[in-house]
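*Asks:* for reference, the sequence and a predicted model appear below.
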Amino acid sequence: DAKTTQPPSMDCAEGRAANLPCNHSTISGNEYVYWYRQIHSQGPQYIIHGLKNNETNEMASLIITEDRKSSTLILPHATLRDTAVYYCIVRVADSGYALNFGKGTSLLVTP
Amino acid sequence: SQTIHQWPATLVQPVGSPLSLECTVEGTSNPNLYWYRQAAGRGLQLLFYSVGIGQISSEVPQNLSASRPQDRQFILSSKKLLLSDSGFYLCAWSPGQGAQPQHFGDGTRLSIL
């Protein structure tokens, strides 16, 4: 699985968009980008995933650059409940079964 | 919709005692099932995964074992707990094939005294 790089921490004002970057410059053509988050003392929560195209669901949007070497998770209107550690994971579908969560980005949403 | 249940939420056990953590999934059939452990301040480590009843693969040698007696039931066990078994244990499921994500339960926080 390709290695990912995320900033260790970010702040965002409540109600504003939170844009969380992820660098995956060694990604290969059959690797997907997954985003999860973990709120303190809870299990990781799946947010969104994509291969090439931008994706949107009820939680967030995923923007993948044309060369696929980086992506951005967008929370359009951050709330205090979005404070969590966000993980960007790159892996091949059916490549084995472990998710490598890395260190992620600790997002703090402030009032 | 699919749901995953783990229990208990917290557990305090003495060293040398046995362990049994249970995980069940509803709303799907023949899922892949996983047990992860998260030590304090560290990332998730995959312990076991299962692609079907009675089929268990272990990722790391350890004091723990797993069983899948039914399609949607996954059990994590130990005969004698060690202090190093403390941690946050998470069960997850995913559809059998493809790029679909894993979905996690709420976890069990295990403290060994």
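*Replies:* All right, it came through fine. Here the structure is a predicted model, which is why all the values come from computation and not from measurement. Numbers count the residues shown, from 1 in each chain, chains lettered A, B, ... in the order given.
*Asks:* what segments of chain B are strands?
*Replies:* B:3-7, B:10-13, B:19-26, B:32-38, B:44-52, B:55-58, B:65-70, B:73-78, B:87-94, B:103-104, B:108-112 (DSSP state E).
*Asks:* just the buried residues of the fourth one, please?
*Replies:* Going back to what we said before, that points to strand B:32-38. Residues B:N32, B:L33, B:Y34, B:W35, B:Y36, B:R37, B:Q38 are the ones in strand B:32-38 that count as buried (16 or more other C-beta atoms under 10 Å in any protein chain shown). Any C-beta I mention is one placed from the backbone N, CA and C, and that applies to glycine too.
*Asks:* what would those residues look like in CSV with distance to chain A?
*Replies:* Output for these, formatted as CSV (distance: C-beta to the nearest C-beta, whole Å):
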residue, distance to chain A
B:N32, 7
B:L33, 10
B:Y34, 6
B:W35, 11
B:Y36, 8
B:R37, 12
B:Q38, 9
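*Asks:* tell me the residues of chain A that contact chain B?
*Replies:* Within chain A, the positions adjacent to chain B are A:32, A:34, A:36, A:41-46, A:49, A:51, A:93-94, A:97-103 by C-beta under 8 Å from any C-beta of the partner chain.
*Asks:* of these, grab the buried ones for PyMOL.
*Replies:* The PyMOL command for the buried members of these (criterion: 16+ other C-beta under 10 Å) is given here:
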select buried, chain A and resi 32+34+36+43+44+46+49+97+98+99+100+101+102
